[in-house]
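Engineer: fold the following, please.
(one chain, ligands or ions: 2)
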Amino acid sequence: MRLFYHPAQMGHAPERELHNGDWVPFAESPDRLAQILAVCGGGEEARDHGMAPLEAVHDPDYLAFLRAAHDEWLAAGRQGDAIGYGFPIVRRRKLQFERIDAKLGAWSMDAATPIAAGTWDAAYWSAQAALSALDAIAAGDRHAFALCRPPGHHAGADYMGGYCFINNVAVAARAASAMGLGPVAILDVDYHHGNGTQDIFYEDGEVFFASIHADPVTDYPFYWGHADEQGEGSGEGTTLNLPLPRGTDWHGYQGALDQALEAIVGWGARLIVVSFGADTFEDDPISSFALQTKDFSRMARRIHATGLPALIVMEGGYAVSALGNNVAAFLGGFDV
Ligand code: Q9C
Ligand code: ZN
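Structural biologist: Residues are numbered from 1 along each chain as shown. Ligands and ions are numbered 1, 2, ... in the order given. Take a look at the predicted model:
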């Protein structure tokens, strides 16, 4: 299977994040990408598709903010990573913000998503990796892997969050629809609910969104991913949430996976875009499922068994020393 990435993705390297009231080393480190690349034996450099496919998902003003944010942070006399502290949850609307602190809060859903000097370039090229892998599918490959980092599924049309800035899966899914490769279904198997992806397609019946994740009653992102969220308007019934309890192992996981795949096939999808997080792994430091390395192969084989082409987009996974093997196990499950 072809793998796509770009060296600029290594340039996103915030020092720390806020975790349970303390500053701790940033979990979504560049080492993640290096580990995966080392185990997979390298990959191909992503091709530049420009801003248009990103603007098909995101507010151009949000993208302009992201691009300038760290420079504005430095210009305000700050050091280190840019991060906000105030969030306009009441009657949120677009004002002419001047202070970088106001902007950081207005375009974010949390304080878990620091912006460093290389963040814009990394996020831009992460999305380009997804688009480049999509090109391989369009050219006839049954499967392709986008080694995206930073990840994307918590980012909405006009906000960052959960280590995510540009929603790579949403960018690829929109582009795939526009290329006539649809109907497109997104299968999100990251440990955390893909709230940004869900939000982007919530009222869009053209893209089906199914997510298997830790119950938001106990886990981030808390406010979304509950089973009663099923889409609205023309997207009514095209969102499927399957929350599972902490401690879930393969025995508890497989039924939800089968249910999601049945729904995707039954809906008439012709392409599956997978938000693949390896943070469902038993030793993940910030998550609480109990999947083993071999379970990622099983997961992939079931997706493969639908007979649909699959574009695999990297999301989370923070047990860095095992990450390469977990990704390789997943990708290997498609080579049958
Ligand atoms: N440490 C992905 O897996 N953590 N994002 C909240 C507490 C955020 C995970 C702060 C976890 C985001 C793509
Ligand atoms: Zn995750």
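
Engineer: residues near the residue of the stretch 201-336 of the chain found nearest ligand 2, how many?
Structural biologist: The minimum distance from the stretch 201-336 of the chain to ligand 2, using C-beta to the ion, falls at residue 316 (3.0 Å). In short, each C-beta sits where N, CA and C put it, glycine included. Neighbours of residue 316 under the rule other C-beta atoms under 10 Å: 28.

Engineer: please tell me how far it sits from ligand 1.
Structural biologist: 2 Å (C-beta to the nearest ligand atom, to the nearest Å).

Engineer: pretty sure residue 256 sits against residue 213.
Structural biologist: No - using C-beta atoms under 8 Å, residue 256 is not in contact with residue 213; the gap is 9.4 Å.

Engineer: and for the two, which residues touch both?
Structural biologist: Common neighbours of residue 256 and residue 213, using C-beta atoms under 8 Å, 6 or more residues apart in numbering, are 242, 244.

Engineer: which of those two has more neighbours?
Structural biologist: Neighbours were counted for residue 256 and for residue 213 using other C-beta under 10 Å; residue 213 has more, 31 against 19.

Engineer: quick check: chain neighbours aside, which residue is closest to the more buried one?
Structural biologist: Leaving aside its sequence neighbours, residue 213 sits nearest to residue 193 (C-beta to C-beta, 6 or more residues apart in numbering; 4.3 Å).

Engineer: so which bits of the stretch 1-150 of the chain are right by ligand 1?
Structural biologist: Residues of the stretch 1-150 of the chain that fall close to ligand 1, judged by C-beta under 6 Å from any ligand atom: 19, 112.

Engineer: most proximal residue of the stretch 1-150 of the chain with respect to ligand 2?
Structural biologist: Counting by C-beta to the ion, the stretch 1-150 of the chain gets nearest ligand 2 through residue 28, at 9.3 Å.

Engineer: check the stretch 51-200 of the chain too.
Structural biologist: For the stretch 51-200 of the chain, C-beta to the ion, closest residue to ligand 2: residue 192, 3.7 Å.

Engineer: thought that residue was touching residue 219?
Structural biologist: Yes - shown here, residue 192 and residue 219 form a contact pair, counting by C-beta under 8 Å, at 6.6 Å.

Engineer: all strands for the stretch 101-250 of the chain, in order.
Structural biologist: 143-146, 184-188, 207-214, 239-244 (DSSP state E, counting those that start in this stretch).

Engineer: turn those strands into a markdown table, columns for mean pLDDT.
Structural biologist: Below are those laid out as a markdown table (pLDDT from 0 to 100):
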| stretch | mean pLDDT |
| --- | --- |
| strand 143-146 | 98 |
| strand 184-188 | 99 |
| strand 207-214 | 99 |
| strand 239-244 | 99 |
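
Engineer: can I get the ones you listed in TSV with distance to ligand 2?
Structural biologist: Converted to TSV, those look like this (distance: least, C-beta to the ion, whole Å):
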stretch	distance to ligand 2
strand 143-146	16
strand 184-188	9
strand 207-214	8
strand 239-244	14
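
Engineer: let's have the ones you listed in CSV, adding distance to residue 158.
Structural biologist: Output for those, formatted as CSV (distance: least, C-beta to C-beta, whole Å):
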stretch, distance to residue 158
strand 143-146, 23
strand 184-188, 19
strand 207-214, 18
strand 239-244, 19
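
Engineer: wait, which of these is closest to residue 96?
Structural biologist: Evaluated over the strands of the stretch 101-250 of the chain, closeness to residue 96 peaks at strand 207-214, with 33.1 Å, by C-beta to C-beta.

Engineer: may I have the strands that pair with the closest one, each with its orientation?
Structural biologist: Partners of strand 207-214 in the sheet, by DSSP bridges, are strand 184-188 (parallel), strand 239-244 (parallel).

Engineer: closest one to ligand 1 among the ones you listed?
Structural biologist: strand 184-188 (10.1 Å; C-beta to the nearest ligand atom).

Engineer: near ligand 1 at all, that closest one?
Structural biologist: No - using C-beta under 6 Å from any ligand atom, strand 184-188 stays clear of ligand 1, coming no nearer than 10.1 Å.

Engineer: intersection of neighbour lists for residue 192 and residue 219?
Structural biologist: Contact criterion C-beta under 8 Å, 6+ apart; residues shared by residue 192 and residue 219: 213, 287.

Engineer: these two: which is more packed in?
Structural biologist: Between residue 192 and residue 219, residue 192 has the larger neighbour count (other C-beta under 10 Å), namely 29 against 20.

Engineer: list the contacts for that one?
Structural biologist: Counting by C-beta under 8 Å, 6+ apart, residue 192 has contacts 153-154, 162, 213-214, 219-221, 225, 277, 279, 287, 316.
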